[in-house]
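Asks: one predicted model, sequence on top.
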Amino acid sequence: MEPTRSATVLSATDLTPNVRQLIILPKFEKLAFLPGQWVSLKLPLGLKQPLNRAYSMATPASPSGELTLVFDRVPRGMGSGYLYQLKAGDPLLLSGPYGNFVLPRLLDREVLFVARHTGLVPIRCMLKALYATREASRALLIAVGPAENELLYHHELLSLAMTRSSFRYLPLVASTEESAVEFTISMLRPLVEGMPKFIPMLCGTKQFVRPLRNYFVEAGYDRKEVKTEMYD
Ligand SMILES: Cc1cc2nc3c(=O)[nH]c(=O)nc-3n(C[C@H](O)[C@H](O)[C@H](O)COP(=O)(O)OP(=O)(O)OC[C@H]3O[C@@H](n4cnc5c(N)ncnc54)[C@H](O)[C@@H]3O)c2cc1C
């Protein structure tokens, strides 16, 4: 079990109308983590404190030791509601890093990332790591936002796709999880069926990720070949 560490909020910034970024700095020691991993925040909330909530790092480890966490405003959500009112200077407790939703060591096939809304956070971190070097593996991202003005990292991803020929970015807008699944599957069909296999990496809530994993299995993928991170 990783020890609990204290951290301080350095800044709070809105990335979209309903998505916020917190930059936090763990005290004393830097946190070593792999892109795609998450920390458990221990929030002073609820009857049985602390309330543990997981948040993925949005940016790879930096020399300064700062961690970038990005989250959406969940209606009546206790954890995200608490995080939304934090400001520079506030304290936080966390443990970690945790998680296996990380890039495979052997990138022998094109990675196909699929994310809904803040499911993009760990994937953005992996993309940053992947394209930090000039030689980068091939990757395709399908990112589904709940509204046009909620497409997270949209301009950054567009410019990555324009500057790196090995990266393809397909943004989509779908207001519900059901329509997000439906639109994503229609987009996947011509890319997946009868085509060379990808390394699929899916992230979001169960309602989004599970039907997509089933889709890949029906399309001939082994269940274990489909990497997933579910937020609930
Ligand atoms: C491994 C892991 C990594 C995670 N990384 C992130 C992250 O980087 N950014 C992030 O925003 N969230 C992330 N989450 C989700 C996060 O931990 C919380 O569950 C989320 O913020 C809701 O908590 P809450 O207390 O506000 O609401 P709750 O009352 O606990 O949740 C209410 C319902 O909201 C749904 N839900 C869960 N996560 C989300 C979400 N992000 N957006 C909308 N609905 C949601 C669930 O169906 C849940 O039942 C991650 C979860 C896991 C397990």
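Replies: Perfect, I can see it now. Numbers count the residues shown, from 1 in each chain.
Asks: use CA for all of it now, contacts and neighbours both
Replies: Fine.
Asks: buried set for the lengthiest strand in the chain?
Replies: Scanning the chain for the longest strand, with DSSP state E as the assignment, gives strand 5-16. Neighbour-count burial for strand 5-16, counted by 16 or more other Cα atoms under 10 Å, picks out 5-12, 15.
Asks: which strand or helix spans residue 180?
Replies: helix 177-192 (DSSP states H and E).
Asks: quick check: residues of the protein near the ligand?
Replies: Applying Cα under 6 Å from any ligand atom, we find that the chain lies next to the ligand at 38, 53-56, 70-72, 74, 77-81, 118, 121, 230-232.
Asks: which ones among those lie within strands?
Replies: 38, 53-56, 70-72, 230.
Asks: neighbours around residue 151, how many?
Replies: 22 (other Cα atoms under 10 Å).
Asks: wait, what's in contact with it?
Replies: 16, 117, 143-145, 171, 173 (Cα atoms under 8 Å, 6 or more residues apart in numbering).
Asks: I'd like the next helix or strand past the helix holding residue 180.
Replies: Moving toward the C-terminus from helix 177-192, the next helix or strand (DSSP H and E) is strand 199-204.
Asks: which is the next helix or strand following that next one?
Replies: Downstream of strand 199-204 (by DSSP H and E), the next one is helix 206-218.
Asks: low-scoring stretches of the protein, by residue?
Replies: Low-confidence segments of the chain (pLDDT under 70): 1, 134.
Asks: list the buried residues for stretch 215-223?
Replies: Buried residues in stretch 215-223, defined by neighbour count with 16+ other Cα under 10 Å: 215-216, 221.
Asks: can you give me how far that stretch is from the chain middle?
Replies: Computed by Cα atoms, centre = their mean, to the nearest Å, the chain-centroid distance of stretch 215-223 equals 22 Å.
Asks: alpha carbons only: can I get that stretch in PDB?
Replies: What follows is stretch 215-223, C-alpha atoms only, in PDB (Å, rounded to 0.1, in the frame of the first residue of the first chain):
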ATOM      1  CA  TYR A 215     -17.700  -4.700 -30.300                       C
ATOM      2  CA  PHE A 216     -13.900  -5.500 -30.600                       C
ATOM      3  CA  VAL A 217     -14.400  -9.000 -29.300                       C
ATOM      4  CA  GLU A 218     -17.200  -9.600 -31.900                       C
ATOM      5  CA  ALA A 219     -14.900  -8.200 -34.500                       C
ATOM      6  CA  GLY A 220     -12.300 -10.900 -33.700                       C
ATOM      7  CA  TYR A 221     -10.200  -9.500 -31.000                       C
ATOM      8  CA  ASP A 222      -9.300 -11.500 -27.900                       C
ATOM      9  CA  ARG A 223     -10.800  -9.900 -24.800                       C
END
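Asks: contacts for that stretch, please.
Replies: 185, 192-193, 197, 213, 226.
Asks: can you list the domain ranges for this structure.
Replies: Listed by automatic domain parsing, the domain ranges of the chain are 5-98, 111-230.
Asks: distance of residue 160 relative to residue 130?
Replies: 11 Å (Cα to Cα, to the nearest Å).
Asks: same question but for residue 201, I mixed them up
Replies: From residue 201 to residue 130 the distance is 14 Å (Cα to Cα).
Asks: picking up where we left off before, quick one: which of the contacts of stretch 215-223 has the most company?
Replies: residue 213 leads the contacts of stretch 215-223 on contacts (other Cα under 10 Å) with 22 neighbours.
Asks: so that one is in contact with residue 226, correct?
Replies: Yes - in this structure, residue 213 is within contact of residue 226 by Cα atoms under 8 Å, at 6.6 Å.
Asks: what residues do those two have in common as contacts?
Replies: With Cα under 8 Å, 6+ apart, residue 213 and residue 226 have common neighbours residue 202.
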